[in-house]
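*Asks:* structure, please.
(2 chains)
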Amino acid sequence: MLAMNYRGPYRVRTEQRPMPEILHPEDAIVRVTRTCICGSDLHLYHGMVPDTRVGSTFGHEFIGVVEEIGPLVTNVKIGDQVLVPFNIACGRCNFCKQGLYGNCHESNSMATAVGGIFGYSHTAGGFNGGQAEYVRVPYANVGPTVIPPDMDPDDAVLLTDVVPTGYQAAEMGGIKEGDTVVVFGAGPIGIMAARCAWFFGAARVIVIDHIDYRLEFARNYSKCEAYNFKSMEDPVVFLKKITDWYGADVCIDCVGCEAEGNALQTFTGKITLMQAGAATALQWAINSVKKGGIVSVVGVYGPPFNYVPIGNILNKGITLRANQASVKRLLPKLIEHVQAGRLDPKGLITHKVPLEEISDAYHIFSAKLDECIKVVLIPSTKS
Amino acid sequence: MENNNFDYKNIPGWGMDIDERNEPTYPMKNYTGDDHKRSEYEKPPKQPVDVEILKSTERPAISAVFGNASPPSGLSGMIRRYAFKHSEDRYRHWIPLILADRINAWEGILDDFKSGTIPNIPAERGWKSELKYNRAALTKKILVTGVVSLVLLSYFTRKKR
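*Replies:* Model prediction:
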């Protein structure tokens, strides 16, 4: 089968690889019909996540058709069209049982700080991902969800990560009616978080980024204000000023470890790797939120640590909330929002590319060429 | 040491200020109290271990399922094995892993040659799309690299003379 093959930082290709096999009685093999490149895949692509091994296949956003099931799989059957949450979750451990499907204790031997994730380095379990024609899906009784027959596959594939992560970013913000919410990052997750902030009663949603076409996209898609931090002397002062010198009620970091905008963060985080990437967005979030405000983090940071103003978290009484999205927990509500037309996930897709052209797709997304927001890869075996 | 006979509920005031609403993980977590059972839960069947799996020192055993994407091998594999002797808390875990990743990229190139494949690095880096969508920047990059290389070359050759 054709699959993506990581060769080192900034180098990926497709090549023929062995078909995945059932390795556990609760496995399924899914024939991939749509798969995306996530913004967090770029952290792998850029070599920012430790234990990203050459030969791995990335891809944690995918949908497809169940082709084969293990003897203990009962929740899906061969031929089902399924969307597969990016978290690999056993459904039995005490974390899964409490809805923390992103923190499963039985899906990752290699790190305790993160549950298993498809195609997201050996730090996240060493599973091959869905940027391939076929993929092994462990715990098939838990994750895979049958796609409603009337749902557009382009909507379905974005329900595997982008929509739940954006939604949970807003949810973790604990937004109250009338709140001012600032979202850092106008990538697909930031745009979705800004859109979802309205569900929780926000009165004002502001997106901060430095790429004009993405800010314009956010204004239109998320119905929010959007500002370019490169046009400001100091983004924190700017945000204080436009919130009546009070600070935002909620700040959401949708950027993670590859932020721009602070020379010291960039030097220590991206150039010398003295910290796990540049934590500029998180620093701005902490410093821009009001006293007693909430900072929600879904931007991805690698181990071991980052330089952030922890003293300000204490002194301002900030509540910091963060987690990988619990896709399975959120799916029923989000499917309803999509089916009712309240959310338009496929509106984020700007590029549809054959799987064979994955090298160019990664570069376009990484270098933000051709006004790229979201790339969907289509394997040739889709039909 | 834990004293199993100790009845903490007899401590004066025990539990008086319990507030069920004081739960900052809501609604992410449906708190059931099962956390107090720790690692006691119905364990899934185990995936047979037929490849080398490196395990975090912070857990007692390999998880019930695991990925087998790229088992450790070569020099990078040796470094990864060293890294996994140390907990996730230590630099000695993460820094060697980053080093192993960089070495692994070179091993990948050697493996390509060994298997008779010449890696097309410009194609792998997506230069076709760079040429299509960012031609001016690519031209500038090539020109700057060329000029800098020429300057350095002439400087060093002159110094030798």
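
*Asks:* do a quick rundown of the strands in the stretch 1-150 of chain A.
*Replies:* Secondary structure of the stretch 1-150 of chain A (DSSP state E, counting those that start in this stretch): strands at A:2-8, A:11-16, A:28-37, A:62-69, A:81-84, A:87-88, A:116-117, A:134-137, A:145-146.

*Asks:* rounded mean pLDDT for the second one, please.
*Replies:* Put plainly, it is strand A:11-16. Taken as a whole, strand A:11-16 has an average pLDDT of 97.

*Asks:* where in chain A is pLDDT low?
*Replies:* Scanning chain A with the threshold set as pLDDT under 70 gives A:382-383.

*Asks:* could I get the strands of the stretch 1-150 of chain A as TSV with mean neighbour count?
*Replies:* For the C-beta atoms, the positions are set from N, CA and C on the backbone; glycine is no exception. Converted to TSV, those look like this (neighbours: other Cβ atoms under 10 Å in any protein chain shown):
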stretch	mean neighbour count
strand A:2-8	25
strand A:11-16	19
strand A:28-37	26
strand A:62-69	23
strand A:81-84	25
strand A:87-88	30
strand A:116-117	27
strand A:134-137	27
strand A:145-146	18
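
*Asks:* pipe these into CSV and attach distance to B:P96 per row.
*Replies:* Compiled in CSV, the strands of the stretch 1-150 of chain A are given as follows (distance: least, Cβ to Cβ, whole Å):
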stretch, distance to B:P96
strand A:2-8, 17
strand A:11-16, 22
strand A:28-37, 28
strand A:62-69, 32
strand A:81-84, 32
strand A:87-88, 26
strand A:116-117, 22
strand A:134-137, 28
strand A:145-146, 39
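
*Asks:* kindly reformat these as JSON lines containing distance to chain B.
*Replies:* Shown next, in JSON lines, are these (distance: least, Cβ to the nearest Cβ, whole Å):
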{"stretch": "strand A:2-8", "distance to chain B": "3"}
{"stretch": "strand A:11-16", "distance to chain B": "4"}
{"stretch": "strand A:28-37", "distance to chain B": "12"}
{"stretch": "strand A:62-69", "distance to chain B": "15"}
{"stretch": "strand A:81-84", "distance to chain B": "14"}
{"stretch": "strand A:87-88", "distance to chain B": "7"}
{"stretch": "strand A:116-117", "distance to chain B": "7"}
{"stretch": "strand A:134-137", "distance to chain B": "9"}
{"stretch": "strand A:145-146", "distance to chain B": "18"}
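
*Asks:* distance check, B:K37 against chain A.
*Replies:* Counting by Cβ to the nearest Cβ, to the nearest Å, the gap between B:K37 and chain A amounts to 6 Å.

*Asks:* that residue contacts A:F95, correct?
*Replies:* No. Judged on Cβ atoms under 8 Å, B:K37 makes no contact with A:F95 at a distance of 11.5 Å.

*Asks:* higher neighbour count, these two?
*Replies:* A:F95 (22 against 11; other Cβ atoms under 10 Å in any protein chain shown).

*Asks:* give me every residue that touches the nearest residue to that one once chain neighbours are set aside.
*Replies:* For A:F95, ignoring the flanking residues on the chain, the nearest one in space by Cβ to Cβ, 6 or more residues apart in numbering or on different chains is A:N103 at 4.4 Å. Contact analysis of A:N103 by Cβ atoms under 8 Å, 6 or more residues apart in numbering or on different chains lists A:F95, A:C96, A:V114, A:G115, A:N323, A:Q324.

*Asks:* which one of these sits closest to chain B?
*Replies:* Closest approach to chain B among these (Cβ to the nearest Cβ): A:N323, at 5.9 Å.

*Asks:* for that closest one, which residues are in contact?
*Replies:* Per Cβ under 8 Å, 6+ apart, neighbours of A:N323: A:L100, A:G102, A:N103, A:Q168, A:M172, A:V298, B:M28.

*Asks:* tell me where chain B has helices.
*Replies:* Using DSSP state H, the helices assigned to chain B run over residues B:74-83, B:91-114, B:121-124, B:127-133, B:135-160.

*Asks:* just give me the neighbour total for B:F156.
*Replies:* Count around B:F156 with other Cβ under 10 Å applied: 10.

*Asks:* show me the shaky parts of chain B.
*Replies:* Within chain B, the ranges that satisfy pLDDT under 70 run B:1-4, B:159-161.

*Asks:* now the spatially most central residue of it. Nearest residue, chain neighbours left out?
*Replies:* Of all residues in chain B, the one closest to the mean position by Cα atoms, centre = their mean is B:L97, 7.3 Å from it. Excluding its sequence neighbours, the residue lying closest to B:L97 (Cβ to Cβ, 6+ apart) is A:P50, at 3.9 Å.

*Asks:* what about that neighbour, neighbour count?
*Replies:* The burial count for A:P50: 25, using other Cβ under 10 Å.
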